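Asker: Model the following, please.
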Amino acid sequence: AADKINLIPQDFFAELCEQIIQHLNHKISGVNTAELCQRIQTSGIEINVGDLAKIVNVVSFLFSTAARNNLSTEELVTTLGNAVSTLPKHAVQVIRHVWNEQGKSISVSEDARNTATVGQFVDIKWKLGVAMSSDTCRSLKYPYVTVTLKVADPSGQITDKTFEMTIPQFKNFFRQFKEMAAVLETV
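Answerer: Reported below is the predicted structural model:
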């Protein structure tokens, strides 16, 4: 990941680090790597979403480990210098600055550690469609529901999960959500 960090301009890397800190503080649901990657590519830098996601994972691990070990800014920078000699100088400067400004705000409660292995729901979108025909059947008129879930994984990377359901599957899905809502009302 260090060689890919070298490609990212300092301002984008600083934004990435700040978003990671915000995610670790539960202020945002995750880092939108697709949107950030597109902006970096628009600026003329060739990087793909997968490489940016790896960088997010590495920096997220770095900050969360530093918080768990209650490292000072100097201890973090010294540890980085000892462990990662290939990390670009501008990246170390950004990490130092962001950690110095916001690092101590990272909460490392037991609850936060326990929920760190589970993804987090961000958004849901749906649409109703009708398949009119296919190459094997001229007249389908087959209704379906397409659902897109936006989910932040434990590292903060936001991904979309899209799936289709038949109307009976959707009715079952809806019934289960009503059951969950009814249970939540009793809590």
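
Asker: what's the closest non-adjacent residue to Gly81?
Answerer: Val92 (7.5 Å; C-beta to C-beta, 6 or more residues apart in numbering). Just so you know, the C-beta spots here come from the backbone N, C-alpha and C atoms, and that holds for glycine as well.

Asker: Ok, Lys125 next?
Answerer: Thr148 (4.6 Å).

Asker: Now do the strand or helix carrying the one you found: which elements does it pack against?
Answerer: Under the criterion of DSSP states H and E, Thr148 resides in strand 142-152. Judged by 3 or more C-beta pairs under 8 Å, 6 or more residues apart in numbering; DSSP states H and E, strand 142-152 is in contact with strand 120-131, strand 158-166, helix 167-186.

Asker: helices and strands around the last one, which ones?
Answerer: In other words, helix 167-186. By 3+ C-beta pairs under 8 Å, 6+ apart, helix 167-186 packs against strand 142-152.

Asker: buried ones in stretch 138-154?
Answerer: 145, 149-154 (16 or more other C-beta atoms under 10 Å).

Asker: Hmm, I typed the wrong one, I wanted stretch 16-26.
Answerer: Those would be 16-24, for stretch 16-26 by 16+ other C-beta under 10 Å.

Asker: Need the residue closest to the centroid of this structure.
Answerer: Among the residues of the chain, the one closest to the centroid is Gln157, at 1.6 Å (C-alpha atoms, centre = their mean).

Asker: wait, that one sits on Gly30?
Answerer: Yes. Counting by C-beta atoms under 8 Å, Gly30 is a contact partner of Gln157 at 6.1 Å.

Asker: Tell me the secondary structure at Arg138.
Answerer: Secondary structure assignment for Arg138 (DSSP: H, G, I helix; E, B strand; the rest coil): coil.
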